[in-house]
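A.B. asks: Kindly return the folded structure for what I paste below:
(4 chains)
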Protein chains: 4
Amino acid sequence: MTSTLAPRTRHHWVITLVCVDQPGIVHAVSGAIVRASGNITESQQFTSADTGRFFMRLQVECPAPREELEAELAPVVERYAMESVIDVVGRPVRTLVLASTAGNCVNDLLFRQRGGQLPIEVPLVLSNHGTLRDLVGFYGVPFESLPITDAASKAAFEARVVEAIEEEDIELVVLARYMQILSPELCEVLEGRAINIHHSFLPGFKGASPYKQAHARGVKLIGATAHFVTGDLDEGPIIEQNVVRVDHSRTPAELVSIGQDEESRTLTQAVTWFAEHRVLQDGARTIIFR
Amino acid sequence: MTSTLAPRTRHHWVITLVCVDQPGIVHAVSGAIVRASGNITESQQFTSADTGRFFMRLQVECPAPREELEAELAPVVERYAMESVIDVVGRPVRTLVLASTAGNCVNDLLFRQRGGQLPIEVPLVLSNHGTLRDLVGFYGVPFESLPITDAASKAAFEARVVEAIEEEDIELVVLARYMQILSPELCEVLEGRAINIHHSFLPGFKGASPYKQAHARGVKLIGATAHFVTGDLDEGPIIEQNVVRVDHSRTPAELVSIGQDEESRTLTQAVTWFAEHRVLQDGARTIIFR
Amino acid sequence: MTSTLAPRTRHHWVITLVCVDQPGIVHAVSGAIVRASGNITESQQFTSADTGRFFMRLQVECPAPREELEAELAPVVERYAMESVIDVVGRPVRTLVLASTAGNCVNDLLFRQRGGQLPIEVPLVLSNHGTLRDLVGFYGVPFESLPITDAASKAAFEARVVEAIEEEDIELVVLARYMQILSPELCEVLEGRAINIHHSFLPGFKGASPYKQAHARGVKLIGATAHFVTGDLDEGPIIEQNVVRVDHSRTPAELVSIGQDEESRTLTQAVTWFAEHRVLQDGARTIIFR
Amino acid sequence: MTSTLAPRTRHHWVITLVCVDQPGIVHAVSGAIVRASGNITESQQFTSADTGRFFMRLQVECPAPREELEAELAPVVERYAMESVIDVVGRPVRTLVLASTAGNCVNDLLFRQRGGQLPIEVPLVLSNHGTLRDLVGFYGVPFESLPITDAASKAAFEARVVEAIEEEDIELVVLARYMQILSPELCEVLEGRAINIHHSFLPGFKGASPYKQAHARGVKLIGATAHFVTGDLDEGPIIEQNVVRVDHSRTPAELVSIGQDEESRTLTQAVTWFAEHRVLQDGARTIIFR
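C.D. replies: Residues are numbered from 1 along each chain as shown, chains lettered A, B, ... in the order given. Prediction:
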């Protein structure tokens, strides 16, 4: 316990903890927080019946400095072999945005980021086209375009992604309608820290021109799914989904436009939850502590 | 034009017309209705860019008897080679319900039918189990169960379906969680007049235990699709779809329960629209004049 | 700590705790559960910034008998001056249903109760009309009707409500489209344990014939609100709300029918959460631990 | 009938017609279109049971020039005393945007306008603050700010509105979170051609700080309503409404942020329908031909 006569700022921490479930975890964690004079302002937990793992997310107000809170938690983390994260509530997550030509998702992300509703900072938008240069520039965000025309230029693009991640201390990569398939190597590098968005239909459609297929089947709902990038294309753990109602009078082009709106709001929601440490992975599933 | 001194009852007709699109159709149809002294109270039309077909649904109040209205429309129907239907608004459609053991869809259909919200009459519920006898009996609806244990008993069940359709002048067959796969022969007999309900997910899941698969992927939306029965299992033209939001805490059993609610309300909606002549087929799509 | 060689059944408990917020509560509660050898399977908590109160709901699997768990929790409950409830997960809550003539809400409640989806038991449906006698009887539930025609018969009806609550150990009273205004005295008796349902519109409409008013203003959404009964008519703490989209073509009668569907599903949801101890009151608000 | 050897461009017209309902209207209208060699590609109609008025919206492809189509329709318009509009499908509607400091609605409108999804052109954004100058400038739209501090500066602002309407041939005024109450005189000038957006709750809350009141009551849904401006503040005919689900954990500030999202998408939808001539007024109601 530190002792000081100087007034101490109260910090607001977010803590996530994941381990094998067993009795006593909550008691051990809450004891550490009591010892650090912390007050729990938000707490959610879940035990997965599938994997037997225990997930916890806490927000804690605490007069103690970070080291002290970490020191109190360390024995608990060790005893239960926890994966643990401690972060400052609201700290902007350093985010690299990949895009192609469509501006809807990029605009939604940057507008909300600037408005203070989305706790990310974007040191770079990287695109295989120049289309979005002005839009991105308006928000004061650096923009680079590297055309992809063949295997070599694609490898160069992906090398730039990896380089930017290192140079800019990137914590999250957002594929905001980036229309290239990532190489398996890059998928592996990004696992657990890259979010993709794609359209979704009931029922699903495989292959090219899904909106045309959806139109041809006369679907009544179209939607979007935001998911983690994995090597298995479009099959990563789902973070968020939305749908909207359509009817027979919609042309394929209108379905695309309606779908884009769902894509941007679904992606922005997923990124918000990720940046707030509300998304935890449990095998092929996500736990979302909304 | 008939002439009579007796006061004439006003009839309320629903008319559906389908033909190859060309200029002048609306003018020709509305002329026939004017000549029958009819007043259009509801009118919807749609031209399919996919098939070039024109679809129209009208509700017409008319002092003339049916023959007169038909006589006025006949030359128009002939000139444009229309498929046409004329029916009384609100006439209950004779409906055969097939079921197995789950009662949710059957209860919803019969409760609303009895409450006057669903314009069908149900002369028979036919099931391969006896489970729903009391429920169906409560609504005063005849119930038969014919167990299906092998190919022969399945053929007998389907023969009874065909027989009941004829005996009871059935216009619509509703598969209300009837858990057997229909034979191709029966699918063909029922084409265009049988509605099935099944669960739906984003993304779709093939194979057994779809709710378990949906749970394993951590889907955030589950839903239901009502569609016409065709030979292509679960791939007939879609009539209605709904989804509901779920989260990671739901067990597979809870997903099933939530999904059942969506199934019953989606099926009831589809049956209502069919009974009101609001569902027209355009190839693999449906036109829904809500 | 009990000691016994006999195998002990594992119990599944739901616990709710409410007190003034202060550091250390979670640690104290979890300590008691650890001492009773309990395992927390579900846990939610919330601190109200409005009232400074702390709310917690736990589900705990525990080999110990109820007395032991209570004995471990008692000092914590006392120290923090907690309101506490300990109950068996899934125990049916004894529920009195009040109705008038509309059957939609009653049917939905009883159908789900019978199907095992709604943990209530209904020893009596009490109505000021006889209309629903057959429907209620079908579910094997006792039904009484007591006509209300004047102040005296209304007082008699309410006296029967109070009597039934005592005779039948009623824990929850559900106003399932019971169309009489409760007396202030009965409201007081029922406070915190009676749920009402009423239609809701954007914007709200005061006075008679709200659906006609909603139609006249051309509202695009109609809905329903389930709330606790208080002396302030239709102004009790809100438990659940739903809306559905409508358009200009709907007649007032159709709006009523659509609104009734929202009413029944909203009421059933609110009753389910109440029966699962998921609804806690915080002044004029509810905390819903979904 | 014109005769010319030169190839004729096909035009795409939108036509709206409103009159007292009577038999034969559709026949008369469709006859005029047949005579102008037009082909109806979209058609919707509705008869109001409240006012006895008939509403029709058509889209017509036509080789004839505007004068010819108008000449054919003129006798029909006269015979039935119709209010009629003929416009080119997709023609951008000249729109004046009024704003204060909040950028969400303005950004959504201008982003979609630029993306070609919203058929308006905006010659001016007029605000009582300078906050949005950069945002509006990014989209290449002229921006003026005129501070409002007293009755005289408010009158000057409104005089500038009236002047801009004339100078710029304004057809639609959008109040995109313009936080001043319009004078009755300006309301009258704008009647039928100005759209406002405001938050909406179930139930409604009167007076100041509605989000605080909604929080205090623990509402589960918050939303937005787009409506025509009339002299009766916030009580004009409703064009569109949306809601979104919230729970007890949301602070008043979060409710405001969530509500703003609903406001921008609801306003953009209402403006889109207006610009496409899909919004017709029927007394205090709107007919929306979606």
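A.B. asks: which bits of chain A sit near chain C?
C.D. replies: Proximity of chain A to chain C, by C-beta under 8 Å from any C-beta of the partner chain, involves residues A:21-24, A:26-27, A:30-31, A:33-34, A:37-41, A:43-45, A:47. From N, CA and C alone the C-beta is placed, and that goes for glycine too.
A.B. asks: quick one: stretch A:44-64 near chain B?
C.D. replies: Yes - judged by C-beta under 8 Å from any C-beta, stretch A:44-64 and chain B are in contact via A:Phe46, A:Ala49, A:Asp50.
A.B. asks: Now do the end-to-end distance for that stretch.
C.D. replies: End-to-end distance for stretch A:44-64: 22 Å, by C-alpha to C-alpha, to the nearest Å.
A.B. asks: Likewise for stretch A:58-68?
C.D. replies: 17 Å.
A.B. asks: Stretch A:85-103 now?
C.D. replies: Note: stretch A:85-103 ends 33 Å apart using C-alpha to C-alpha.
A.B. asks: Now find how far off-centre it is within its chain.
C.D. replies: Remark: stretch A:85-103 is offset 8 Å from the chain centroid, using C-alpha atoms, centre = their mean, to the nearest Å.
A.B. asks: which stretches of chain A have low pLDDT?
C.D. replies: A:1-9, A:202-206, A:233-234 (pLDDT under 70).
A.B. asks: what's the longest helix in it?
C.D. replies: For chain A, the helix that runs over the most residues, judged by DSSP state H, is helix A:252-275.
A.B. asks: what's stretch A:24-43 in contact with?
C.D. replies: The set of residues external to stretch A:24-43 that reach it, using C-beta atoms under 8 Å, 6 or more residues apart in numbering or on different chains, is A:1, A:12-13, A:17, A:19, A:45, A:54, A:56-64, A:68-69, A:72-73, A:75-76, A:79-80, C:21-24, C:26-27, C:30-31, C:33-34, C:40, C:43, C:45, C:47, D:249.
A.B. asks: Paired strands for whichever helix or strand comes after the longest helix of chain A, with orientation please.
C.D. replies: Next helix or strand after helix A:252-275 toward the C-terminus (DSSP states H and E): strand A:279-282. As defined by DSSP bridges, the strand partners of strand A:279-282 come to strand A:285-288 (antiparallel).
A.B. asks: Only the buried residues of the strand it pairs with, if you could.
C.D. replies: Buried residues in strand A:285-288, defined by neighbour count with 16 or more other C-beta atoms under 10 Å in any protein chain shown: A:Arg285, A:Thr286, A:Ile287, A:Ile288.
A.B. asks: Tell me what the first one is bridged to.
C.D. replies: Spelled out, that is A:Arg285. Going by DSSP bridges, A:Arg285 is paired in beta bridges with A:Asp282.
A.B. asks: so it touches A:Ile239, yeah?
C.D. replies: No - with contact defined as C-beta atoms under 8 Å, A:Arg285 and A:Ile239 do not form a contacting pair (10.3 Å).
A.B. asks: circling back to that earlier point, filter the residues of chain A next to chain C down to just the ones in strands.
C.D. replies: Counted as lying in strands by DSSP state E, out of these, are A:Asn39, A:Ile40, A:Thr41, A:Ser43, A:Gln44, A:Gln45, A:Thr47.
A.B. asks: Could you dump the residues of stretch A:44-64 next to chain B into JSON lines with neighbour count added?
C.D. replies: Formatted as JSON lines, those follow (neighbours: other C-beta atoms under 10 Å in any protein chain shown):
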{"residue": "A:Phe46", "neighbour count": "23"}
{"residue": "A:Ala49", "neighbour count": "13"}
{"residue": "A:Asp50", "neighbour count": "16"}
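A.B. asks: Of those residues, just say which sits nearest to chain D.
C.D. replies: A:Phe46 (16.1 Å; C-beta to the nearest C-beta).
A.B. asks: so what's the closest one up against?
C.D. replies: A:Phe54, A:Phe55, A:Ile287, A:Phe289, B:His248, B:Ser249.
A.B. asks: Of these, select the buried ones using a PyMOL command.
C.D. replies: For the buried members of the contacts of A:Phe46, the matching PyMOL selection, counting by 16+ other C-beta under 10 Å, is:
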select buried, (chain A and resi 54+55+287+289) or (chain B and resi 248)
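A.B. asks: Of the contacts of A:Phe46, which is the nearest to B:Tyr139?
C.D. replies: B:Ser249 (36.0 Å; C-beta to C-beta).
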